Every structure is written in structure tokens, then in C-alpha cells.
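J.: What follows is a protein structure lacking sequence information:
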């Protein structure tokens, strides 16, 4: 009886082995997150790119207000959010690629 129980356990372990290997293979890509050292502290790169995108959007808004285009935007919140995302992705591509 004990031998039969050990045999079933070994079969279950063999079935689990591919799942365990697959799970461990998926985790290996998480070894190093892109981060930047700023004044001794490591910040995630996406955070720096997002802040650069917000800053570039503020500059773009100042230019749009100066040119008088700001009043003609249909949905300013969506336009400025889109600009922020576009600038953040551009910084990511130019700086970290």
C-alpha cells in the first residue's frame, strides 16, 4: 500500500515539473528593473519619463495659450493627457532605447 502511494506521488510530481519550470522561466526576466541613480536614490525609469512628459506638456500648454490655440481645443483634458503620454513615450524611446 505504501509503495502504491509513493508511486502516485512521483507521478504527480512529474506532472507538476513542466509547470514549475515554466513559472520559473517567466520570473527570470524580472531580475533587473530599469532604474536611474539620482543623488544616491534609485528611481524607476518610467517615473522619470512620466515627469518629463508632464513638464513637456506644461511647456506645450504655455505655447498653445500664447498662440491662442488653447481656446479652440475640443476636450482640453484629453488633449493634454494625450500630449503627456506622447511626450513620456518619446522620452522613453530617445533616452532609454
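T.: Good, I have the coordinates. Keep in mind that this is a model prediction, so the values were computed, not measured.

J.: what's the weakest-modelled helix or strand in this structure?
T.: Within the chain, no helix or strand scores below helix 2-27, which has a mean of 66 by mean pLDDT, DSSP states H and E.

J.: Distance from the chain centre to stretch 53-60, please.
T.: Mean-position distance between stretch 53-60 and its chain equals 20 Å (C-alpha atoms, centre = their mean, to the nearest Å).

J.: Oops, could you answer that again for stretch 38-53 instead?
T.: Centroid separation for stretch 38-53 versus its chain: 12 Å, with C-alpha atoms, centre = their mean.

J.: Would you mark the buried spots in it?
T.: Neighbour counts over stretch 38-53 (16 or more other C-beta atoms under 10 Å) mark 45, 48, 49, 50, 52, 53 as buried. Bear in mind the C-beta positions are built from the backbone N, C-alpha and C, glycine included.

J.: shouldn't the first one be in contact with residue 91?
T.: No. At 9.5 Å, residue 45 does not count as touching residue 91 under the criterion of C-beta atoms under 8 Å.

J.: helix or strand right after the helix or strand hosting residue 54?
T.: Here residue 54 sits within helix 45-67, counting by DSSP states H and E. Downstream of helix 45-67, the next assigned helix or strand under DSSP H and E is helix 76-96.

J.: and that next one with helix 45-67, angle?
T.: 130 degrees (axes from the mean of the first three to the mean of the last three C-alpha atoms, to 10 degrees).

J.: Output the contacting helices and strands for helix 76-96.
T.: Helices and strands touching helix 76-96, by 3 or more C-beta pairs under 8 Å, 6 or more residues apart in numbering; DSSP states H and E, are helix 45-67.
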